[in-house]
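Peer 1: Sequence first, predicted coordinates after that:
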Amino acid sequence: MSAGYKAVQWNAHKRAYDAAAVSAVVVFVGVYVGVSAAALGPDSPGPEVLALRGLGLCGLALLHAALCIGPMARLWPGLSPLLYNRRHLGVMIATIGASHAAIAVGYYGGFGVRNPVLAVVDSAPTFGSVSRFPFETLGMLALVILGVMAATSHDFWLRRLGPRAWKSIHMFVYLAYALLVGHVAWGVMQSEPGPVAPALLGLGVLTVSGLHIAAGLKELRGARVGGGAPAQAAGDGTPWVDGGDAGTIADGRARVVALPGGDRVAVYRQGSALSALANRCAHQGGPLGEGQVIDGCVTCPWHGYQYVARNGSSPPPFTDKVATYRLSVRSGRVLIDPRALPPGTDVPPTPIAPSGGVPTAGSPRAEDPS
Amino acid sequence: MTTADPAPTPPAAADRIYVGYLPATPRARRVATIAIGAVVAGAAALGGVIAAAQRPAGPAVWDEQPQTWDGYVLEKPYPMLIGGTQQSPTVYLLVGVGKIGAQDPLKGLGGKPARVSGTLISRSGQGIIELHDGDSVTPLAYDPGSDLPFSSHVASAGPESRAGEIVDFKCFLGAMKPGDGKGHKACATLCILGGIPPAIVTPTQGGGFEWAVLVGTEGAADPQGVIPYIAEPVRVFGERWDVRVLDRPVMAILAIDRIERIGG
Ligand code: FES
């Protein structure tokens, strides 16, 4: 969390994660080089081309994995351990991409009468032709994006830029991905016959897009569970939002409710009371409603940032805050005031079934929605 | 009022979501173990499939062992050395180190005997010599008793068209593997700009190839004329000239009239 910064806050999980990722890279490149030499013998590509292709393919495969982890963890929450250290994957991908580019520029652009970079990006390019399209330029643009992302991946930059700007920068990963698909399709695939390369690339694109669509649909469906439709109006006429049956929220867990404006609220249950906070984690926008109460705090499923449910504030010494919402329980249904309170505003928890048996607005500061 | 019941109990430690800085739950450990195994096995399978599906780069060999050759030099359109013997003449194109032609070290030696030192790059029996940097060319005194095949000329063989790919001949013969195709286009362009001879190569049955050095209409080197067409399927139309040694054709040169892209 954000009380201070270290270069990397290592722990056993991150080490295991990085060791697994590095092993996969070494195995991929090793098998690729070994099988090339064994299958093609003296007709095998030379060592520089094997290194160049091995690294490029490996970086692209890792990028697919990094892009799939997010939606997979939404679809199957048990996979969230894969999400925890995704930023290290990003740094690894940028490093592998830079090595690929360095070999390409040195090998193809070096030893000649021109500047090596210019020689690579400016070999009679024609943008209107598939066979003459300058695929190298696509790769270099993607590398710039991945490089900026890797350089700003640390929480120091997240804090400096703010989560929204940081997230916007990091959404460019999808542009980088599209550029790299073009880099391969208009590049090496033009001179590699056979169905394997297009089939693998097509499968990759389908997997990435299919998982994102499925996760998006699941989130939409999940957010609708609570109803999300305008219910009774508050005293000032603002309609409160029906958040579904109050009693079926599991203790220590949340229900995510979509507000009419599109924002999402995580309604958490702690014991016999409910609290509501914005569903977007202050760290990287993780879905707080898919987290859990651990040690008395709402805990984000992505990297474990914690918040006190009633005030949306991280416990000291941390200073992160998210918006809170007023709640009421009426006839066993959760009602949510859709007007977000400033991050960190204390809202005493709303009892699910107050003593006396008649549900009323649980917060002394909440308006009666009826 | 019982809406609050049946309230599920708080999550047991085993059901805890994964939090990186807390001890891993058994379920998280299981997921991690399976994921690591799947990722590493997947990486191996993917690397193997891609490698096995690659196009062979061709039986090109760069013999790193330095050698010397005696012969006489032709400077134009690209430097070459006619050597061997009266009975079996040889011809090798000569190139410099890296992506630079051998025009400079051979300047003024056209038609004269010389000893060159360098390394041989060859593919399917066809070779090209990369001269060493420095003193790689030594003029030889003319020896009337030499067995060198001192009789060559260049003769027209009439109009011809050839379909294939325009490559820089040094990389194609094995300076790079592969030395053709879209991935190699930038390198081929740089080589040809630097004075390496461009050639049109046409694959033949059994993995071999036919080739002709490409020059401009006037018979002189014309890199700019071929650069827009490198690494694409093309057909080159022009007049073929043969370098003939002892009246035997040893090298084809195609003087370009026009180049058409095949399939757009
Ligand atoms: S997004 Fe990182 S902890 Fe919530």
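Peer 2: Now that the structure is in, tell me what you want to look at.
Peer 1: in what helix or strand does the residue nearest to B:Gly164 when sequence neighbours are not counted lie?
Peer 2: Excluding its sequence neighbours, the residue lying closest to B:Gly164 (C-beta to C-beta, 6 or more residues apart in numbering or on different chains) is B:Thr202, at 3.8 Å. Every C-beta, even on glycine, is put in place using the N, C-alpha and C of the backbone. Secondary structure from DSSP states H and E places B:Thr202 in strand B:198-203.
Peer 1: what are the pairing partners of that strand, and which direction each?
Peer 2: In the sheet, strand B:198-203 lines up against strand B:152-168 (antiparallel), strand B:209-215 (antiparallel) (DSSP bridges).
Peer 1: After the last one, which helix or strand is next?
Peer 2: When you say that, I think you mean strand B:209-215. helix B:223-226.
Peer 1: where does the chain dip in pLDDT?
Peer 2: As the question left the chain open, I've gone with chain A. A:1-9, A:222-236, A:354-370 (pLDDT under 70).
Peer 1: Hmm, no, I was thinking of chain B.
Peer 2: In chain B, residues with pLDDT under 70: B:1-14, B:264.
Peer 1: picking that back up, and for the strand holding B:Thr202, what's in contact with it?
Peer 2: By C-beta atoms under 8 Å, 6 or more residues apart in numbering or on different chains, the residues outside strand B:198-203 that reach it are B:162-169, B:172, B:180, B:188, B:192, B:209-214, B:223, B:226, B:230, B:234, B:236, B:254.
Peer 1: Mind putting the strands paired with strand B:198-203 into JSON lines with distance to A:Pro198?
Peer 2: Listed next are these as JSON lines, based on distance: least, C-beta to C-beta, whole Å:
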{"stretch": "strand B:152-168", "distance to A:Pro198": "21"}
{"stretch": "strand B:209-215", "distance to A:Pro198": "26"}
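Peer 1: I'd like these laid out as TSV, including mean neighbour count and distance to A:Gly106.
Peer 2: Output for the strands paired with strand B:198-203, formatted as TSV (neighbours: other C-beta atoms under 10 Å in any protein chain shown; distance: least, C-beta to C-beta, whole Å):
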stretch	mean neighbour count	distance to A:Gly106
strand B:152-168	17	17
strand B:209-215	22	28
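Peer 1: Any idea which of those gets closest to A:Ser23?
Peer 2: Comparing those against A:Ser23 with C-beta to C-beta, the closest turns out to be strand B:152-168 (39.1 Å).
Peer 1: other SSEs contacting the helix or strand just after the closest one?
Peer 2: Beyond strand B:152-168 on the C-terminal side, the first helix or strand identified by DSSP H and E is helix B:169-170. Contacts defined by 3 or more C-beta pairs under 8 Å, 6 or more residues apart in numbering or on different chains; DSSP states H and E place helix B:169-170 against strand B:126-131.
Peer 1: Tell me which of the strands paired with strand B:198-203 lies nearest to A:Val25.
Peer 2: Closest among those, using C-beta to C-beta: strand B:152-168, at 33.0 Å.
Peer 1: Pull the closest one out as CSV, backbone CA atoms only.
Peer 2: Below are the C-alpha coordinates for strand B:152-168, written out as CSV (Å, rounded to 0.1, in the frame of the first residue of the first chain):
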residue,chain,number,x,y,z
SER,B,152,36.4,-13.8,-71.1
HIS,B,153,33.8,-11.6,-72.6
VAL,B,154,30.2,-10.6,-72.0
ALA,B,155,27.7,-11.4,-74.6
SER,B,156,23.9,-10.8,-75.1
ALA,B,157,21.6,-13.8,-74.8
GLY,B,158,18.6,-11.9,-75.9
PRO,B,159,15.4,-10.8,-74.1
GLU,B,160,14.5,-12.7,-71.0
SER,B,161,12.1,-12.5,-68.0
ARG,B,162,12.6,-14.2,-64.7
ALA,B,163,10.1,-14.7,-61.9
GLY,B,164,11.4,-14.8,-58.3
GLU,B,165,12.5,-12.7,-55.4
ILE,B,166,15.1,-9.9,-55.5
VAL,B,167,17.7,-10.5,-52.8
ASP,B,168,21.1,-9.2,-51.9
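Peer 1: Which positions in the stretch 201-350 of chain A make contact with the ligand?
Peer 2: A:Cys281, A:His283, A:Gln284, A:Gly285, A:Gly286, A:Cys300, A:Trp302, A:His303, A:Gly304, A:Tyr305 (C-beta under 6 Å from any ligand atom).
Peer 1: Report the two of those residues separated the most.
Peer 2: Across those (C-beta to C-beta), the longest gap, 14.6 Å, separates A:Gly285 and A:Gly304.
Peer 1: Compare these two (neighbour count), which wins?
Peer 2: For A:Gly285 versus A:Gly304, neighbours defined as other C-beta atoms under 10 Å in any protein chain shown are more numerous around A:Gly304 (21 against 16).
Peer 1: isn't the more buried one right up against B:Leu22?
Peer 2: Yes - here A:Gly304 lies in contact with B:Leu22, judged by C-beta atoms under 8 Å, at a distance of 7.3 Å.
Peer 1: So which residues of the chain form strands?
Peer 2: Just so you know, I chose chain A. Remark: strands assigned in chain A by DSSP state E are A:227-233, A:239-245, A:254-258, A:264-270, A:273-278, A:292-294, A:297-299, A:306-307, A:324-325, A:327-330, A:333-336, A:350-351.
Peer 1: oops, chain B please
Peer 2: B:60-74, B:80-84, B:89-95, B:113-123, B:126-131, B:137-139, B:152-168, B:198-203, B:209-215, B:233-245, B:248-261.
Peer 1: Go through the last one and flag the buried ones.
Peer 2: By neighbour count, with 16 or more other C-beta atoms under 10 Å in any protein chain shown as the criterion, the buried positions of strand B:248-261 are B:Val250, B:Met251, B:Ala252, B:Ile253, B:Leu254, B:Ala255, B:Ile256, B:Ile259.
Peer 1: Can you give me the distance of A:Gly90 to B:Ala28?
Peer 2: 22 Å (C-beta to C-beta, to the nearest Å).
Peer 1: follow-up on the earlier one: give me the buried stretch members for the strand holding B:Thr202, please.
Peer 2: Here strand B:198-203 shows B:Pro198, B:Ala199, B:Ile200, B:Val201 as buried, counting by 16+ other C-beta under 10 Å.
Peer 1: Now do the residue lying closest to the second one once chain neighbours are set aside: how many residues are near it, please.
Peer 2: With sequence-adjacent residues excluded and distances taken as C-beta to C-beta, 6+ apart, B:Ala199 is closest to B:Phe169, at 4.3 Å. Residues contacting B:Phe169 under the criterion other C-beta under 10 Å number 27.
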